[in-house]
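1. Next one to model:
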Amino acid sequence: MNIKDIEIVVADLVFPMNIGSVARTMSCSGFNSLTLVRPCGEWGSLNAVKFSLFGKGVLDSAKVVQSLEDIKGKGTVLFGFSRRIGRKRSYPIMLSEFWDFASKFGANKKIKLVFGGESAGLTTEDLNLCDHIVTIDPDIIVNSLSLPTAVTAVLYEVKRSLVLANRVPVEKGKRADPGQAGALNDNVRELLKNIEFIDNRDSKRVMAKVKDIINKLSASEIRLLHSILRKVK
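-> Numbering: from 1, shown residues only. You can find the predicted model right below:
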């Protein structure tokens, strides 16, 4: 799934500065699709722009609709974020499990993350329009989060999951033989004594830590450090 397939939706926004903060978080984490449902009339005011900082582009491109039904369709999956439990919300998805669940829909679906405004969150009507409800474990967060904080927590979790899913494993280099590591250890000790970083009294303590570091290096890394030390000398 691509980050471009994810849209942030905020319903019943009350304070312009909060949507500015949301736009800033979106910009920082690479999200740029924002839709506002029934926002306050001043949602694009100077206060919103000031709080958006480098997220002004997200604000400028935001769409405004009057109902959540306007953005719901066959190609969409709406996830409503709420702390309220009730009908259809008895078994919500935990935020920690959310992306594992959402990613199964694949690239053929548009994922919409729906947040409620600052006064009462998502209404019962809007929650019933959502396909799934997501919440935070009450053992971790005991009360409702502010709108900007809730969006930040969710986008961090989503972006973290996307990065981990797309990260290419780094192949470990060939381990250095003991002789190479020992020679580098000796060269480092000599250099540290010459620059009076260590003396005979603390040599054992410092060099024990240096040895631990050197033993974790690959053969190519040790060769590089040998070359650097030769230049230093």
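2. list the contacts for the residue nearest the centre of the chain?
-> In the chain, the C-alpha nearest the mean C-alpha coordinate belongs to residue 156, at 2.7 Å (C-alpha atoms, centre = their mean). If a contact means C-beta atoms under 8 Å, 6 or more residues apart in numbering, then residue 156 has residue 29 as its contacts. Quick note: C-beta positions are derived from backbone N, CA and C, even for glycine.
3. a helix runs through it, doesn't it?
-> Yes. Residue 156: assigned to a helix according to DSSP: H, G, I helix; E, B strand; the rest coil.
4. what pLDDT does it get?
-> At residue 156, the pLDDT value in this model is 94.
5. so how far is residue 2 from it?
-> Taken as C-beta to C-beta, to the nearest Å, the spacing of residue 156 relative to residue 2 amounts to 18 Å.
6. Which secondary structure state does the residue lying farthest from the centre of the chain sit in?
-> The outermost residue of the chain, judged against the average C-alpha position, is residue 200 (47.1 Å), by C-alpha atoms, centre = their mean. Secondary structure for residue 200, judged by three-state DSSP, is coil.
7. measure it to residue 38 for me?
-> The gap separating residue 200 from residue 38 is 75 Å, by C-beta to C-beta.
8. and if you look at residue 46?
-> Spatial separation of residue 46 from residue 38 under the definition C-beta to C-beta is 21 Å.
9. out of those two, which sits in the busier spot?
-> Neighbour comparison, residue 46 and residue 38: the larger count goes to residue 38, with 16 against 11 (by other C-beta atoms under 10 Å).
10. Ignoring the adjacent residues along the chain, who's closest to that one?
-> For residue 38, ignoring the flanking residues on the chain, the nearest one in space by C-beta to C-beta, 6 or more residues apart in numbering is residue 12 at 5.5 Å.
11. For the one you found, give me its contacts.
-> Listed by C-beta under 8 Å, 6+ apart, the contact partners of residue 12 are 37, 38, 39, 116, 117, 119, 120, 123.
12. ok, of those residues, which one's closest to residue 134?
-> Distances from the contacts of residue 12 to residue 134 were compared by C-beta to C-beta; the smallest belongs to residue 116, at 12.3 Å.
13. now that closest one, nearest residue through space, not along the chain?
-> Residue 116's closest residue in space is residue 122 (C-beta to C-beta, 6+ apart), at 3.5 Å.
14. Am I right that that neighbour is in contact with residue 114?
-> Yes. Contact status for residue 122 versus residue 114: in contact at 6.7 Å, counting by C-beta atoms under 8 Å.
15. who touches both of the two?
-> Contacts common to residue 122 and residue 114, judged by C-beta under 8 Å, 6+ apart, are 11, 80, 81, 130.
16. List the ones among those that fall in helices.
-> Among the shared contacts of residue 122 and residue 114, no member falls in helices (DSSP state H).
17. Just give me the closest of these to residue 166.
-> Of all the shared contacts of residue 122 and residue 114, the one sitting nearest residue 166 is residue 81; the distance, using C-beta to C-beta, is 24.0 Å.
18. Pairing partners for the closest one in the sheet, please.
-> In this structure, residue 81 has the following beta-bridge partners (DSSP bridges): residue 134.
19. Look at it and say how many residues are nearby.
-> Other residues lying near residue 81 total 27 when counted by other C-beta under 10 Å.
20. what comes up buried for stretch 96-116?
-> 98, 99, 102, 109, 110, 111, 112, 113, 114, 115, 116 (16 or more other C-beta atoms under 10 Å).
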